[in-house]
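Engineer: 3D model of this:
(2 chains)
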Amino acid sequence: MELVEAKKLQVHLDAFANKDVYLHLETTNGSYATHFNEGFFNAGAFIRNVVINYELGKVVGESPHRVGLKLPHGWVYAQGITHYELDEHGRLLLAGHDGSGKLAVALEISETPFSY
Amino acid sequence: MTIPQERHVLVVFPHPDDEAFGVSGTISTHIKQGTPVTYACLTLGEMGRNLGNPPFATRESLPEIRKKELQASADAMGLTDLRMMGLRDKTVEFEDDEKMVGMMTDLINELNPSLIITFYPNLSVHPDHEATARAVVRAVRRMEDRPKLYCVAFANNTLEVLGAPDVLHDVSAVRDQKMGAMKAHISQTVWMLEEMENKLAQGDQETENWLTKERFYNYRWDQDFEEKF
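Structural biologist: Here you go, the predicted model:
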């Protein structure tokens, strides 16, 4: 993965617009957050292989960036995006990694389904 | 305490590396003693958060890395019967509960273990650990002739609930194998290992004890975590 350069990432986001694409979206504090810090309110969300079709995708702000996808009837967005990669299967993988190298957020789109 | 000879040992954990820190010495000892050991690992740790910064992997490439690490850990312990059960990390508790019990029952029926090792229900922190523990305990509960069931507990309130562990294994004789298993999972353990090796270099006795002794609780059927399932 490489650090997000907004202009380059924007080109990739544009390439997936107006197509049916599979979505992976997750946010996480890790399953041990409350174990190491009792009282911590651990929340997160996970979606994988839901098909969407967005008409406009935008990357905004300085790193960590925000990325939003406008759908005909709704929205997808993620904040905290630091890195991206167009992988060998042509999937656009975006992720936010904190200073210690832990993933905090991931937003991925692909024309073919992600594995299970 | 010396580790008794078993007929067959079945180890069930949900994540590659769950076996490494607390159980790999016990696994290695049984293998050294000539006892067949099966490790059923339910997921490939697909949702691991340690991906580095700069990242060394992506959410999509991590499972393949962890699969290789799991195999390397098995090799380090001398374990030849490694089962990857194909579930997805962090979804184990959402699987059908009866299906999970069936998975465990199938393993037990096939292998006829005299000892099963898993997590302790309600004292193992991660939702996948808890779901695994529940499935194993339920499967064993249904058996007429129950094997021994050793459980790993590490929730912050473990001592309050269970007191001190009643099974203590000295695994100093297989220290190298245990180190090998922990190092095999390097993508997830590098930070922990660095800290551990610093402490060992300083002669920290607590860390040394932690490395050479493994602790388990016999599952307490008289204080079963649920009345029935």
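Engineer: how about residues contacting whatever helix or strand residue B:191 lives in?
Structural biologist: Taking DSSP states H and E as the definition, residue B:191 sits inside helix B:186-201. Taking contacts as C-beta atoms under 8 Å, 6 or more residues apart in numbering or on different chains, the residues outside helix B:186-201 that touch it are A:100, B:16-17, B:20-21, B:45, B:48, B:50, B:56-57, B:62, B:65-66, B:69, B:182-183, B:206-208, B:211. Heads up, the C-betas are built off the backbone N, CA and C, glycines and all.
Engineer: on the three-state scheme, the residue most central in space within chain B is what?
Structural biologist: Centroid-nearest residue in chain B, with C-alpha atoms, centre = their mean: residue B:19, separated by 3.5 Å. Judged by DSSP: H, G, I helix; E, B strand; the rest coil, the three-state class of residue B:19 is helix.
Engineer: picking up where we left off before, now, which of the contacts of helix B:186-201 lie within helices?
Structural biologist: Mapping the contacts of helix B:186-201 onto helices (DSSP state H) picks out B:20, B:21, B:62, B:65, B:66, B:69, B:182, B:183, B:206, B:207, B:208, B:211.
Engineer: most neighbours of all those, which one?
Structural biologist: The most crowded member of the ones in helices among the contacts of helix B:186-201, judged by other C-beta atoms under 10 Å in any protein chain shown, is residue B:20 (29 neighbours).
Engineer: please list all residues in contact with that residue.
Structural biologist: Contacts of residue B:20 by C-beta under 8 Å, 6+ apart are B:73, B:178, B:181, B:182, B:184, B:185, B:189.
Engineer: per-residue pLDDT, the residue lying farthest from the centre of chain A?
Structural biologist: What lies farthest from the middle of chain A is residue A:38; by C-alpha atoms, centre = their mean that is 28.3 Å. At residue A:38, the pLDDT value in this model is 89.
Engineer: now it. Nearest residue, chain neighbours left out?
Structural biologist: Distance criterion C-beta to C-beta, 6 or more residues apart in numbering or on different chains; nearest residue to residue A:38, sequence neighbours excluded, is residue B:156 at 6.8 Å.
Engineer: work out for me the element that neighbour sits within.
Structural biologist: Per DSSP H and E, residue B:156 falls between elements, in no helix or strand.
Engineer: distance from the worst-scoring helix or strand of chain A on mean pLDDT to the middle of the chain?
Structural biologist: Every helix and strand of chain A was ranked by mean pLDDT, DSSP states H and E. The lowest is helix A:33-36, at a mean of 89. For helix A:33-36, the separation from the chain centroid amounts to 24 Å (computed by C-alpha atoms, centre = their mean, to the nearest Å).
Engineer: after that helix comes which helix or strand?
Structural biologist: Next element after helix A:33-36 (DSSP H and E): strand A:45-52.
Engineer: and residue B:49, what are its phi and psi?
Structural biologist: The phi/psi pair for residue B:49 (degrees, to the nearest 10) reads phi -100, psi -20.
Engineer: give the contact list for it.
Structural biologist: A:28, A:30, A:102, A:103, A:104.
Engineer: what sits closest to it if chain neighbours are left out?
Structural biologist: For residue B:49, ignoring the flanking residues on the chain, the nearest one in space by C-beta to C-beta, 6+ apart is residue A:102 at 4.3 Å.
Engineer: hang on, that neighbour packs against residue A:30?
Structural biologist: Yes: using C-beta atoms under 8 Å, residue A:102 is in contact with residue A:30, at 6.9 Å.
Engineer: span of stretch A:97-108 from start to end?
Structural biologist: Stretch A:97-108 has its terminal residues 14 Å apart, counting by C-alpha to C-alpha, to the nearest Å.
Engineer: and for stretch A:69-88?
Structural biologist: Start and end residues of stretch A:69-88 are separated by 23 Å (C-alpha to C-alpha).
Engineer: quick one: that stretch near chain B?
Structural biologist: Yes: for stretch A:69-88, a contact with chain B is found by C-beta under 8 Å from any C-beta of the partner chain, at A:82, A:83, A:85, A:87.
Engineer: next, the buried residues of that stretch.
Structural biologist: Across stretch A:69-88, burial judged by 16 or more other C-beta atoms under 10 Å in any protein chain shown covers A:69, A:76, A:78, A:79, A:80, A:81, A:82, A:83, A:84, A:85.
Engineer: quick one: the strands in chain B?
Structural biologist: Along chain B, the segments classed as strands by DSSP state E run B:9-13, B:37-41, B:81-84, B:115-119, B:148-152, B:167-170, B:213-218.
Engineer: of all these, which one comes closest to residue B:136?
Structural biologist: strand B:115-119 (4.3 Å; C-beta to C-beta).
Engineer: and that closest one, what does it pack against?
Structural biologist: The helices and strands touching strand B:115-119, judged by 3 or more C-beta pairs under 8 Å, 6 or more residues apart in numbering or on different chains; DSSP states H and E, are strand B:9-13, helix B:127-141, strand B:148-152.
Engineer: quick check: which of the ones you listed is buried the most?
Structural biologist: Most buried of those by mean neighbour count (mean count of other C-beta atoms under 10 Å in any protein chain shown) is strand B:9-13; its value is a mean of 27.
Engineer: now do the same contact list for residue 82.
Structural biologist: All of this is about chain A. Neighbouring residues of residue A:82 by C-beta under 8 Å, 6+ apart: A:3, A:4, A:63, A:64, A:65, A:95, A:96, A:97, B:53.
Engineer: to clarify, I was referring to chain B.
Structural biologist: So residue B:82 contacts B:38, B:39, B:41, B:70, B:71, B:74 (C-beta under 8 Å, 6+ apart).
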